[in-house]
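Chemist: structure for this input, please:
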Amino acid sequence: MGPSHAPLTLHLASFGYRHSGIPPDEGGNGGGFVFDCRCLPNPHWEPELRPLPGDDPAVLAFLDLHPEVHAFVGHAAALLLQAARRYRADGRTRLMASCGCTGGRHRSVYVVERLAEVLRAAGFAVQVRHLDRDRPAAPEDAAADAAAEAPAERP
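Modeler: Below you'll find the predicted structure:
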């Protein structure tokens with residue numbers, strides 16, 4: 001495939017596995033990267049952070065405190081940068097990456113925003129969508145979240 005005249009745009013989406021699920025590729029190419037952020041510390045368990053979205057300064061500060069969050073973002077960014085450079089060299093115009101967490105309100109939003117910063121700083125055009133960020137945190141979610149994220153019991 002030869003170089004295209006249109007620039008490469010990275011399309012980043014945050015989502016909740018419990019709500020909207022993995023978003024379809026609107027470019028018609030059948031996919032993209034999907035990063036599961038449920039392995040990261042969950043602001044949902046901090047009562048003062050639960051109602052806030054993942055791009056709120058208090059949630060950003062909470063997640064910024066955890067080295068494993070920075071490592072996760074760094075690994076995801078390195079993979080996306082490698083792919084984006086190859087896509088750009090090949091003349092492709094679209095690369096999609098989605099980040100999901102349980103509710104789609106905190107961790108996935110944080111990771112998408114951090115990835116967008118890194119990719120823009122590297123000179124790439126980035127479009128961001130948050131599918132479930134503004135969904136209210138329902139009180140009944142707490143029990144379901146605990147079950148979904150609790151360590152498996154061993155016999």
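
Chemist: tell me which element the residue most central in space within the chain is part of?
Modeler: The chain has residue 99 as the residue nearest its centroid, 2.8 Å off, counting by CA atoms, centre = their mean. Secondary structure assigned from DSSP states H and E places residue 99 in strand 94-101.

Chemist: strands of the protein, start to end?
Modeler: Defined through DSSP state E, the strands belonging to the chain, from first to last, are 9-16, 33-36, 94-101, 125-130.

Chemist: out of those strands, which comes closest to residue 111?
Modeler: Taking CB to CB, strand 94-101 is the member of these nearest to residue 111, at 4.5 Å. (Glycine included, C-beta is placed from N, CA and C.)

Chemist: and that closest one with strand 125-130, angle?
Modeler: When axes from the mean of the first three to the mean of the last three CA atoms, to 10 degrees is applied, the directions of strand 94-101 and strand 125-130 differ by 30 degrees.

Chemist: can you give the strand pairings for strand 94-101, parallel or anti for each?
Modeler: Within its sheet, and counting by DSSP bridges, strand 94-101 is paired with strand 9-16 (parallel), strand 33-36 (parallel).

Chemist: can you show me the helices along the chain?
Modeler: Under the criterion DSSP state H, helices of the chain are mapped to 57-64, 67-89, 107-121, 141-149.

Chemist: run the angle between the third one and strand 9-16 for me.
Modeler: Using the same axes, to 10 degrees, the direction of helix 107-121 lies 170 degrees away from that of strand 9-16.
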